[in-house]
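> What follows is a predicted structure for the sequence shown.
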Amino acid sequence: MIFHAGGCVKLLRMAAEKGPERQDESEKERLDRNLEQLLQELRVALPGVQVLFAFLLTVPFAQGFTSLTEFQRHVYFAVLLTTALATALLIAPTAIHRVLFRQGMKREIVMQSNKVSVAGLTVLAVAMTGAVFLIAHLIFSPATAIVCGTAALLVFAGLWYALPLSIERGSEESSDED
């Protein structure tokens, strides 16, 4: 399955607008539940991105960093920047909630938090792919780095985007048959 922007837009819409409907649940209760679920999911993702970011911050001070080629330093810096961006995006829902708390904007909070979370996961996938590429480039060869980086990107795109979209597509098809 090929990952494309339309799939990402569909994933955003799917995650933000759909969800298990409960007969005894009001709109406010559903939004509260959706926000709580989103924040709980971010509690899983954030430690990983923070550890990666902290590690990347220490690398330039490690012995041997100066022996990297100019290309490797550029890749490293791109990975550092994308990790910083992923961190900002994945923490943003907390800030959005805090700033807009008790403003009667729960729907907007949930929708925007979902968008920045999916964007954060996308940027995190790019950062982690770059880290795999850089390490393979350092240890092996440029060709191996390309293979490993491509494999990492396919794993992230497959598990984080294609799989949820295929599950949703299968769910739609099975509900059409009922």
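That came through fine. Numbers count the residues shown, from 1 in each chain.
> how far away is residue 106 from residue 51?
Distance, residue 106 to residue 51, by CB to CB, to the nearest Å: 31 Å. C-beta: built from backbone N, CA, C; applies to glycine.
> The two - which one has more neighbours?
Neighbours were counted for residue 106 and for residue 51 using other CB atoms under 10 Å; residue 106 has more, 19 against 10.
> quick one: least confident helix or strand in the chain?
Within the chain, no helix or strand scores below helix 5-17, which has a mean of 51 by mean pLDDT, DSSP states H and E.
> Tell me which residue is most central in this protein.
residue 121 (0.5 Å; CA atoms, centre = their mean).
> Go ahead and confirm that residue touches residue 159.
No: in this structure residue 121 lies outside contact range of residue 159 using CB atoms under 8 Å: 10.6 Å.
> Now for the residue nearest to the centre of the chain, which secondary structure element holds it?
Assigning secondary structure by DSSP states H and E places residue 121 in helix 106-139.
> Mind checking what helix or strand follows that helix in sequence?
Downstream of helix 106-139, the next assigned helix or strand under DSSP H and E is helix 142-157.
> For that next one, buried residues please.
By neighbour count with 16 or more other CB atoms under 10 Å, helix 142-157 contains the buried residues 145, 148, 149, 152, 153, 156, 157.
> repeat for stretch 32-49
Here stretch 32-49 shows 34, 35, 38, 42, 46, 49 as buried, counting by 16+ other CB under 10 Å.
> Which members of those residues are positioned in helices?
34, 35, 38, 42, 46, 49 (DSSP state H).
> Reformat those residues as CSV; add distance to residue 133 and pLDDT.
Listed next are these as CSV, based on distance: CB to CB, whole Å; pLDDT from 0 to 100:
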residue, distance to residue 133, pLDDT
34, 35, 91
35, 35, 87
38, 30, 91
42, 26, 90
46, 23, 88
49, 17, 90
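> count of neighbours near the residue lying closest to the residue nearest to the centre of the chain once chain neighbours are set aside?
Distances taken as CB to CB, 6 or more residues apart in numbering put residue 160 closest to residue 121, at 5.9 Å, once the chain neighbours are dropped. The tally of other residues near residue 160 (other CB under 10 Å) stands at 16.
> Fine, thanks again, bye for now.
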